[in-house]
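Engineer: sequence and predicted structure are below.
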Amino acid sequence: MARHTGQPCFLCGKIFIESDDVVVCPDCGTPYHRECWKKNNCCVNTGLHASGGTYQPVSTPETAPEEIVCGNCGMHNPPDADRCGNCGKMLSESVLQPESEQPEMTGFEQFQEAAKQAAMGDACCGMDPEDTLGGEKVGDVADFVCRNTLYYLPKFRRFHLSGRKISLNFPCLFFPHLYFANRKMWLFSMLLTFVLALLNLPQAALSFQEVLPDMIAAAQEPADDLFFAMYPNMAEMLQNMLDKLNIWENVFYNAWVICNYTELILSICLGVLGNYIYYRYVLKRVRHIRQNHLPDIMRKAQLQMQGGTNGWLMLGMLVLQYFLSLVMATVLVAFLML
């Protein structure tokens, strides 16, 4: 029977399987189901009988390779294709499975999948470049983010789909002005740097109050120090400043407490909203570049040039922070000398 498996019965046309009871014509060898032979009681392959030939197994054509269906967009692709011709996703990672067979991925598994796509050079981390985030193409957003798309794109997608705005960003929690400077949000970073310098002013006043007694004692000693020799009234001036600080001590202390809590609340808010603030900034910049109607190559170059990161801006913010601290200290001293 095994040699007839897969061959058709000449009477009913059904394919023989291993368990079928098969008989063959004694003259030509044509196979039939036993029941079919009994019903017809003769061989119908009369052509072989007339020619005196014998039955030869029917050759079954080789099954053509099946097309690969993209699991991301559903497009049918040639069997030798590596990427989907429609969305560009790697087909080896996106073969479409029946819905009942597709396991639900956990958050960590989704992160692993995105990591695989990033490792294979997929800047969109498995997402369709033609899909949209906040009205802008994923591919354009990925080109603008440029660095660390594996971290940002899944968060941007969650913002887009769920409307939630909260996600933890540790660099933005501890160094918000430096984080936004690194992401080229220099105007927002400068504003934060100024606010943080202003919030540190009461602490600078209290610190100055602590060191003034030592400075007064040094100024009252014999004028061995050239600086104090040039300003003989320095001790009196410093004492007047200390007296004013003592009068305003409660005010500065209360301001210091308020500023500390304000800075803490500001840091927490920026730590949990920093990614969303950056998301809105990315959409705004990508939209502005897209509205210039540049060719694809030039648009991609503009996105990558205006996006990404810049470590020099972080250094610039540190210099600005130091400069503002000096300005605030000068203003404080000027106020105490009035």
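Structural biologist: Good, I have the coordinates.
Engineer: what bits of the stretch 101-250 of the chain have low per-residue confidence?
Structural biologist: Flagging of the stretch 101-250 of the chain using pLDDT under 70 yields the residue ranges 101-121, 222-232.
Engineer: surely residue 23 is in a helix?
Structural biologist: No: Residue 23: not assigned to a helix; according to DSSP: H, G, I helix; E, B strand; the rest coil it is strand.
Engineer: quick one: it and residue 40 touch, right?
Structural biologist: No: counting by CB atoms under 8 Å, residue 23 stays clear of residue 40, with 11.2 Å between them. Just so you know, the C-beta spots here come from the backbone N, C-alpha and C atoms, and that holds for glycine as well.
Engineer: quick check: neighbours shared by those two?
Structural biologist: Counting by CB atoms under 8 Å, 6 or more residues apart in numbering, the contacts common to residue 23 and residue 40 are residue 32.
Engineer: straight-line length of stretch 141-159, end to end?
Structural biologist: End-to-end distance for stretch 141-159: 14 Å, by CA to CA, to the nearest Å.
Engineer: any buried residues in it, and which?
Structural biologist: Residues of stretch 141-159 classed as buried by neighbour count (16 or more other CB atoms under 10 Å): 141-146, 149-159.
Engineer: what does stretch 286-294 give?
Structural biologist: 286, 289, 290.
Engineer: distance from it to the middle of the chain?
Structural biologist: In terms of CA atoms, centre = their mean, to the nearest Å, the centre of stretch 286-294 is found 22 Å from the chain centre.
Engineer: cool, stretch 268-277 as well?
Structural biologist: 15 Å.
Engineer: so what are the domain limits for the chain?
Structural biologist: 2-51, 106-164, 178-337 (automatic domain parsing).
Engineer: quick check, residue 302 in contact with residue 294.
Structural biologist: Yes: using CB under 8 Å, residue 302 makes contact with residue 294 at a distance of 6.4 Å.
Engineer: who wins for proximity to residue 70 among the domains of the chain?
Structural biologist: With CB to CB as the criterion, residue 70 lies closest to domain 106-164 of these, at 9.6 Å.
Engineer: tally of neighbours for the residue nearest to residue 54 when sequence neighbours are not counted?
Structural biologist: Sequence neighbours aside, residue 29 is the residue nearest to residue 54 in space, at 5.0 Å (criterion: CB to CB, 6 or more residues apart in numbering). As a burial measure, residue 29 scores 16 neighbours (other CB atoms under 10 Å).
Engineer: for the one 3 residues further on, same thing?
Structural biologist: For residue 32, the tally of surrounding residues (other CB under 10 Å) stands at 24.
Engineer: repeat for residue 204
Structural biologist: With other CB under 10 Å as criterion, residue 204 counts 17.
Engineer: for residue 49, same thing?
Structural biologist: Neighbour number of residue 49 under other CB under 10 Å is 14.
Engineer: my guess is it contacts residue 30, does it?
Structural biologist: No: contact between residue 49 and residue 30 fails when scored by CB under 8 Å: they sit 9.5 Å apart.
Engineer: what ranges do the strands span in this protein?
Structural biologist: Under the criterion DSSP state E, the chain contains strands at 22-24, 31-33, 68-69, 76-77, 132-133, 136-137.
Engineer: helices of the stretch 101-250 of the chain, start to end?
Structural biologist: 107-119, 138-145, 149-162, 170-174, 176-182, 186-199, 201-220, 226-230, 234-247, 249-290 (DSSP state H, counting those that start in this stretch).
Engineer: let me have those in JSON lines, adding distance to residue 3 as columns.
Structural biologist: Below are the helices of the stretch 101-250 of the chain laid out as JSON lines (distance: least, CB to CB, whole Å):
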{"stretch": "helix 107-119", "distance to residue 3": "47"}
{"stretch": "helix 138-145", "distance to residue 3": "56"}
{"stretch": "helix 149-162", "distance to residue 3": "57"}
{"stretch": "helix 170-174", "distance to residue 3": "70"}
{"stretch": "helix 176-182", "distance to residue 3": "73"}
{"stretch": "helix 186-199", "distance to residue 3": "79"}
{"stretch": "helix 201-220", "distance to residue 3": "94"}
{"stretch": "helix 226-230", "distance to residue 3": "112"}
{"stretch": "helix 234-247", "distance to residue 3": "107"}
{"stretch": "helix 249-290", "distance to residue 3": "66"}
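Engineer: between these, which one is closest to residue 128.
Structural biologist: helix 138-145 (6.3 Å).
Engineer: go ahead and name everything in contact with the closest one.
Structural biologist: So helix 138-145 is contacted by 123-125, 127-133, 149, 152-153, 156, 282-283, 285-286, 289-290, 299-300, 303-304, 306-308 (CB under 8 Å, 6+ apart).
Engineer: now, which of the buried residues of stretch 286-294 sits nearest residue 172?
Structural biologist: Out of those, the member with the shortest distance to residue 172 (by CB to CB) is residue 286, at 20.5 Å.
Engineer: who's in contact with residue 9?
Structural biologist: 15, 16, 31, 32, 33, 36.
Engineer: phi, psi of it?
Structural biologist: phi -80, psi 130 (degrees, to the nearest 10).
Engineer: how far out from the middle of the chain is stretch 145-156?
Structural biologist: Distance, centroid of stretch 145-156 to centroid of chain: 2 Å (CA atoms, centre = their mean).
Engineer: that should have said stretch 12-26, apologies.
Structural biologist: With CA atoms, centre = their mean, you get 60 Å for stretch 12-26.
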